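> Here is my input, please return the structure:
(2 chains)
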Amino acid sequence: MSAKGPEPALPSPVAAGSDADTLVHLQQLVSRLESLYEPNSQGQVPATWPLHVREAADALNEAAERLRGLLDPARTLRENRLLREVGRRLGQDLSTESLALLIMDTLGGVVPFDAAGIYFIDPRDGTIRWESLRGYDTDKLHLVRQKLDRGIMGWILKHGQSVLVSDVSQDPRYFNARDRTRSELVVPILHEGRLIGFFNLESDQLATYGEQERQLMEVLASQVAQTVEHMMLRADREERRRVLADLSVARDIQRSLLPTRGLRLHDVDLSGLNLSSAEVGGDYFDHFMITPEDIGLVIADVAGKGIPAGLIMASVRTGIRILAQHRLDMTGIMSHLSEHLLEVTEADSFVTAFYGVYHRPSRRLSYVNAGHNPPLLLRARSHGMELLDTGGLVLGAFRGAPYEMGFVDLEAGDRILFHTDGLNEEQDRHGREFGMGQVRKAFSETRWLDAPGLVQHLLAALRRHTGAGERAMRFQDDLTLMALVCRDDPAERS
Amino acid sequence: MKISAANQGSVIVMALRGNLLGGPDADAFYNEVKSYLDQGSRQFVLDLGDVKLMNSSGLGILIKTLKPVREAGGDVHLACVTEKIDSLFVITKLYQVFKSYNDVEQAVQAFA
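Model prediction:
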């Protein structure tokens, strides 16, 4: 084929207008070219055309092809389907992970890619909260993540705008995590102007992505944004629920470590109470038979609250019980525990603990008080009150802390109140503490009560002070009480 | 809680005001002592006269602070401890490790 006439002038610039107008205009220009230079039967630009005419025709054809694609009813239909499908699924109760998978699955049908990723950012620290990736070599995934700091994705994290790169080799921002990639499209997912994630599409062909793909992805991104934000909020709520559930289990475990009932023997009566202000507290009390003649008694308070305090409490309880069974001397037990806690806890953590052993035949209570609120001993005969404060430093604070053992010889009717600071420091609504004065007064009123009665009397006095209802079982701080009453009831001798 | 610090010779006198109840305040206090320690200071006086409330977490931070100071061969002296806070140190027997003085001057002098 040969040219029919003089070389035509280059087509005039395409007038601005709607995409459809532009397409018509382009098609007219192509037709005009075709009328001047006869195309071959395959519709290709014949090689016999002058070079600049061939280039112009190719450019026009490419532009027309792109616009045709944009206006292609079938393609528009596919895009609409994708958006509708995603929209429908977004309304479902999907997890964020399955949403990401769904988007990646459906995306390929509309926007071509050889590798792609959808990333969501953790608003708390700006790191990637989760991602779904396709088409990257598994051994290069670490490079994909480096793209976040250094590549075009890093740029978008800073600027929050779409980036369209026709030839990655020409863009200095491109960070190579995939050798075959030639062009790239990165589109932010914005919620109320805030970047919450982005899409990254990579193609092995040059100039795969144009305005059309950018627009489609931006529509998709805006649709995804709101739902994902809701999902993230929901995920946070679920996480909180899980934590609360864990706390509740931890509290149950902790409760199971406390004595379930008091101990009532013919010569001694023991009762205790533990009320946690938080789900898991650091207070505890314990009483256990070391031998039929010796009863171990513990009250302790771990500095702090929550699961860490609960774990330390569990370890102290186990430690004392095991060491007591091995008949280690009491000061040795406290030294062991203190050194152990120094090893396993934070530098600002410590435990106040009172450990006593009541020897039933002699009615002697031997004890070591490691920085705990001194238990009060109320003498039946003299009505006098004594403090059990011999011992040493709080446990787990300093290495090599020395401990000293104290003892008291008890008589029938003598009684001891063990407590944590939750008792004396509990405040009324004016901020006034219950205080040791009122503790002593209430305790002095218990001379005729058994051990459970003594505990309930103190609890009732505290409730009156705080204005809490008669049945209130919660206070501002953890509260632990334990009472020992020496008795002599031959009728119950066995 | 507010912390103000001043030098009296080689002694760093730190006055604490408000509540010492653990948390970020307590961390800030610890970090300040640490930074003085890193700069070579070894002698510290803590003026607790304006500390209204202290709980076990507050005591914990004092314990945590004393450790690196002692390890570096220095010491922390307490001054102006109020009655309420005094009872905490008595009960926990922490006076076995913390020396306490009636006023800042005595606490500083005790380093001489």
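> Stretch B:46-59 - what's its average pLDDT?
Throughout stretch B:46-59, pLDDT has a mean value of 90.
> That stretch: which residues count as buried?
Under the neighbour-count criterion of 16 or more other Cβ atoms under 10 Å in any protein chain shown, stretch B:46-59 has B:Leu46, B:Asp47, B:Leu48, B:Val51, B:Met54, B:Asn55, B:Ser56, B:Ser57, B:Gly58, B:Leu59 buried. C-beta coordinates here come from the backbone N, C-alpha and C atoms, glycine included.
> Up against chain B, what does chain A have?
Chain A comes close to chain B at residues A:301, A:303-304, A:346-350, A:352, A:370-374, A:389, A:391-394, A:397-398, A:401, A:421, as judged by Cβ under 8 Å from any Cβ of the partner chain.
> filter these to the buried ones?
Burial by neighbour count, 16+ other Cβ under 10 Å: within the residues of chain A next to chain B this picks out A:301, A:303-304, A:347-350, A:352, A:370-374, A:389, A:391-394, A:397-398, A:401, A:421.
> Narrow those residues to those in strands?
Secondary structure assignment by DSSP state E places A:Asp301, A:Thr352, A:Ala370, A:Gly391, A:Gly392 of those in strands.
> need those in JSON lines with pLDDT, can you?
What follows is those, written out as JSON lines (pLDDT from 0 to 100):
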{"residue": "A:Asp301", "pLDDT": "92"}
{"residue": "A:Thr352", "pLDDT": "95"}
{"residue": "A:Ala370", "pLDDT": "97"}
{"residue": "A:Gly391", "pLDDT": "96"}
{"residue": "A:Gly392", "pLDDT": "96"}
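> Please report the distance of A:Pro308 from chain B.
Distance of A:Pro308 to chain B, computed by Cβ to the nearest Cβ, to the nearest Å: 12 Å.
> what does A:Ala221 give?
Here A:Ala221 is placed at a distance of 38 Å from chain B (Cβ to the nearest Cβ).
> which residue ranges form the strands in chain B?
Counting by DSSP E, the strands of chain B are B:2-8, B:11-20, B:43-54, B:75-79, B:99-101.
> Which of those sits closest to chain A?
Of all those, strand B:43-54 sits nearest to chain A, with 9.8 Å by Cβ to the nearest Cβ.
> Report all helices and strands that that closest one contacts.
Based on contacts counted as 3 or more Cβ pairs under 8 Å, 6 or more residues apart in numbering or on different chains; DSSP states H and E, the elements that strand B:43-54 packs against are strand B:11-20, helix B:56-71, strand B:75-79, helix B:83-91, helix B:104-109.
> out of the ones you listed, nearest to A:Gly210?
In terms of Cβ to Cβ, the element of the helices and strands packed on strand B:43-54 nearest to A:Gly210 is helix B:56-71, at 60.6 Å.
> Up against chain A, what does chain B have?
Counting by Cβ under 8 Å from any Cβ, the residues of chain B lying close to chain A are B:22, B:26, B:30, B:56-57, B:59-61, B:63-64, B:67, B:91-94, B:96-97.
> at 6 Å what do you get?
B:Ser56, B:Ser57, B:Gly60, B:Ile61, B:Ile63, B:Lys64, B:Lys67, B:Ile91, B:Thr92, B:Lys93, B:Gln96, B:Val97 (Cβ under 6 Å from any Cβ of the partner chain).
> Taking those residues, please make a ChimeraX selection of just the buried ones.
To isolate the buried ones among the residues of chain B next to chain A in ChimeraX, judged by 16+ other Cβ under 10 Å, type:
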select /B:56,57,60,61,63,64,67,91,92,93,97
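> Relative to A:Gly262, which of the residues of chain B next to chain A is nearest.
Within those, the smallest distance to A:Gly262 is 26.3 Å, found for B:Ile91 (Cβ to Cβ).
> need the contact list for the closest one.
Residues touching B:Ile91, when contacts are defined by Cβ atoms under 6 Å, 6 or more residues apart in numbering or on different chains, comprise A:Asn373.
> can you pull the pLDDT of it?
For B:Ile91, pLDDT reads 94.
> what does B:Ala26 give?
In the predicted model, B:Ala26 carries a pLDDT score of 83.
> that older thread, report the two of the buried residues of stretch B:46-59 separated the most.
When the buried residues of stretch B:46-59 are compared pair by pair using Cβ to Cβ, the farthest-apart members prove to be B:Asp47 and B:Ser56, with a separation of 21.2 Å.
> Which one of the strands of chain B lies nearest to A:Glu229?
With Cβ to Cβ, the closest approach to A:Glu229 among the strands of chain B belongs to strand B:11-20: 37.8 Å.
> now the closest one, how far from the centre of its chain.
Between the mean C-alpha point of strand B:11-20 and the mean C-alpha point of its chain there is a distance of 7 Å (Cα atoms, centre = their mean, to the nearest Å).
> do stretch A:224-242 as well
Going by Cα atoms, centre = their mean, where stretch A:224-242 is centred and where its chain is centred differ by 12 Å.
> Flag every buried residue along that stretch.
Neighbour counts over stretch A:224-242 (16+ other Cβ under 10 Å) mark A:Val224, A:Ala225, A:Thr227, A:Val228, A:Glu229, A:Met231, A:Met232, A:Ala235 as buried.
> go on, stretch A:164-175?
Counting neighbours by 16+ other Cβ under 10 Å, one finds that the buried residues in stretch A:164-175 are A:Leu164, A:Val165, A:Ser166, A:Val168, A:Asp171, A:Arg173, A:Tyr174, A:Phe175.
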